[in-house]
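> Okay, here's the prediction I keep looking at, along with the sequence it came from:
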Amino acid sequence: MDVEFVHAGGDSLRATILSNVMLEQFRLQIPLTEIFTCTIRRMAEFIKENRQKQQLIEDTNLILLKRGDDPQNNLFLIHSGNGEAEAFSDISDNISAEVNIWGIRADRLIDFSPKNQTLEEIAGNYAQKIIRIQREGKVSLMGWCIGGSIAFETALQLEASGREVGFFGMINSFAPDKKFWGEVPDFTISSEKEEITKYPRFDDFIKEYKNFQTIGELWTKLINFYKKINLTTDQMKKCVYDDMNRAIPNYNADNITALEIIYYINVLRTFDNVRALYVPKNKLKTQCYFFRATNEQAANLSLWNQYCEKKYMS
C-alpha cells in the first residue's frame, strides 16, 4: 500500500508505539519524522533491508525523532507534563542542522497510580540516558514546561559530573517557586480515596471494593471496575479539571478511551507535585535560552535568574 502512516489515521502516540515495535521485533530504529511519511510498502522495505548503521538504543523511553550523521552530535528534548515527547516532532522537522534529535519520555505508570518521586531522581535517570548515547563532547538539551525544569536539573547534574553543556533551552517552564505552590503533600491512600470521589460511579465502586493496602491496589481495582462497567469516554471527560484537557494527548480524538484519560490525569498530577517540590541546589553555568510558546504564558520567568550564573536569554 502507498498510503502514508499519517494519512492512514496515524498520530504521534501511534508512531511511538510503532517505533518501539520495530525496535523490539526487528531491531530497527526508525526516526519518528520518517515514520509519519512512511507507507506500509516502505516500512516493509526497511525491515527487509535492516542495515542498521547507527548504534541501536534499546530504551522505549528514548525516541529517535530525527537522525543526523554524527553519533556525537545530539540534541535531547525532555517531555512536557504529560510525559510524552512526540510533540517535539514538529520542532525536529524544522531543525535543519545535521543533528540526532532524541525525545525523552517519562517512565510509564504501571498501575495508573501517581508516583511520589523527586525531580532530582528523574533528572539523574535522564542524565544516564544522555550519557549512554553521548559519552563525550558537549551535551545539548532542552525541555518543555515541566520538562524544562527536569532539563535544568539534568544539566546541573551533568555539569557537576564534569560534563560540559553546550546548548541549554527551556520552553515555557515555570520557575521554582515555593511561595506559589505552598505545602505539597505526598500521594497517600487517603489522598487517592479523596481524589476518586470525583470520578464516575464512585459510590458503586466503594461498595464493591472497601479495603486497599497500597495506592497501586486502589487504582488497579478502580481500573478493573471501570473495565467491567465499560466506562465511556464522555463519562470520564466530565471529571477532567483545570486545563488538563489541553495536556492530554489526542484528547479530542474519536478513539481516545476513558482509561487513557485517567492515565494522563495521574501523569499530570505526578509531575505537578514533582515541579512544586523542586528547588535547585546549584547554579547553572552554561547560558540558558528561554523560548516562549505562542499560545502559553511564561509565568514567573525572572525567577530563573536566581539559579543561573548568566542571565537567561529569550
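Sure, I can see it. Numbers count the residues shown, from 1 in each chain.

> Ramachandran coordinates for A106?
Dihedral angles of A106 (phi, psi; degrees, to the nearest 10) stand at phi -80, psi 160.

> so it makes contact with L62?
No - at 11.7 Å, A106 and L62 do not qualify as touching, with contact defined as CB atoms under 8 Å. Placement of C-beta: from N, CA and C, glycine included.

> Looking at the two, which has the bigger crowd around it?
Shown here are A106 and L62; by other CB atoms under 10 Å, A106 has more neighbours (25 against 20).

> For the protein, which helix or strand comes out least confident on mean pLDDT?
helix 32-35 (a mean of 64; mean pLDDT, DSSP states H and E).

> any idea which element P185 lies in?
Assessed by DSSP states H and E, P185 sits outside every helix and strand.

> What's the local residue count around the spatially closest residue to it that is not a sequence neighbour?
Excluding the flanking residues, the one nearest P185 by CB to CB, 6 or more residues apart in numbering is S191, at 6.6 Å. Look at S191: counted by other CB under 10 Å, it has 13 neighbours.

> So, low pLDDT: which residues of the stretch 201-314 of the chain?
Scanning the stretch 201-314 of the chain with the threshold set as pLDDT under 70 gives 294-299.

> Tell me where it has helices.
Ranges of helices in the stretch 201-314 of the chain, per DSSP state H, counting those that start in this stretch, are 202-208, 215-229, 233-237, 244-247, 258-276.

> quick one: the longest one to helix 215-229, angle?
When you say that, I think you mean helix 258-276. With axes from the mean of the first three to the mean of the last three CA atoms, to 10 degrees as the basis, helix 258-276 and helix 215-229 are set at 160 degrees to each other.

> Could you pull up phi and psi at the residue positioned nearest the centre of the chain?
For the chain, G83 is the residue whose C-alpha lies nearest the centre (CA atoms, centre = their mean; 2.3 Å). For G83, the backbone dihedrals are phi 80, psi 0 (criterion: degrees, to the nearest 10).

> quick one: contacts for it?
Going by CB atoms under 8 Å, 6 or more residues apart in numbering, G83 touches R105, A106, Y264, V267, F271.

> now the spatially closest residue to the second one that is not a sequence neighbour: how far from F168?
To tie it back to what came earlier, the one meant is A106. Excluding the flanking residues, the one nearest A106 by CB to CB, 6+ apart is G83, at 3.3 Å. From G83 across to F168, the span is 21 Å (CB to CB, to the nearest Å).

> Having no further points to raise, I will conclude here.
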